[in-house]
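Asks: pasting the sequence and the predicted model now:
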Amino acid sequence: MNLTSKRKIIKKVYEPVGILIAKTHITPNMITILSVIVGVFAAIYYYKEKPLIGALLVFISGFFDLMDGIVARETEKSSKFGAVFDWLADKFVDGFLIFFIGITYSTPFITALGITATMLHTFIKPVAYAEIGFSNREKGKIEDPLEGIGFFGRPETLLTIIIFSIFEHFNILGGLEFGFKLIVTLTILSLMQRIIYLYVKYNKDYD
């Protein structure tokens, strides 16, 4: 699926909202902090077994995550710290969500596997930055060797969480118990896709 690779197309839908928010003079880092706070509350509501509220908060948190970059560019406040802070904020929210959904709707083993797979799926990118290199930044984004590689990342994970939260409420398709296993499985397969891509492309690329 890889919604990230279609970012330029999808952005046309939500960018006008970000432009309006930029006129309120709220800073990008403030929006990032709001994304984290809402994401943490989402995780707590999943722990309380209130999936519909959790899903709504996941959507709002993801919405804020989209807005901070647009606001940064519109207000010309894109900073290297902001880029790092946004990345760390995403991983903080991801960790909380995967952990609390996992311990509530799945097993400790699958939860640990889910957290590990999710983090490795993300951390393989900065390792590629450091060890392989990347092209120039474009509007705050790094065009790295893994851009477009990996069919199941953060956007797909959040979307799947929202969908299966609704299923959980209406007791459809095993709800979040099945949805969580699906997320873990697809994340591992996507991680393997990235590893295989790097192996094929760079295994004989010696220093």
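Replies: All right, it came through fine.
Asks: how much space separates the spatially most central residue of the chain from Thr107?
Replies: Of all residues in the chain, the one closest to the mean position by C-alpha atoms, centre = their mean is Arg154, 2.8 Å from it. As for Arg154, its distance to Thr107 is 23 Å (criterion: C-beta to C-beta, to the nearest Å). C-betas here are computed from N, CA, C, even on glycine.
Asks: do the same with Phe151
Replies: When distances are taken as C-beta to C-beta, Phe151 and Thr107 turn out to be 25 Å apart.
Asks: what stretches of this protein score poorly on pLDDT?
Replies: Judged by pLDDT under 70, the chain has its weakly predicted residues at 1-9, 11, 134-145, 147, 206-207.
Asks: mind listing the strands in it by residue range?
Replies: Counting by DSSP state E, the chain forms strands over residues 137-138, 141-142, given from the N-terminal end onward.
Asks: the top helix by length along the chain: which residues count as buried?
Replies: Scanning the chain for the helix with the most residues, using DSSP state H, yields helix 175-202. By neighbour count on 16 or more other C-beta atoms under 10 Å, the buried set for helix 175-202 is 175-184, 186-188, 190-191, 193-194, 197-198.
Asks: which residues touch Ile161?
Replies: Shown here is Ile161, whose contacts under the criterion C-beta atoms under 8 Å, 6 or more residues apart in numbering are 55, 58, 97, 101, 176, 179, 183.
Asks: can you check Gly95 too?
Replies: Contact analysis of Gly95 by C-beta under 8 Å, 6+ apart lists 115, 118-119.
Asks: now do His121
Replies: For His121, the contacting residues are 150, 153, 187, 190-191, 194, taking C-beta under 8 Å, 6+ apart as the criterion.
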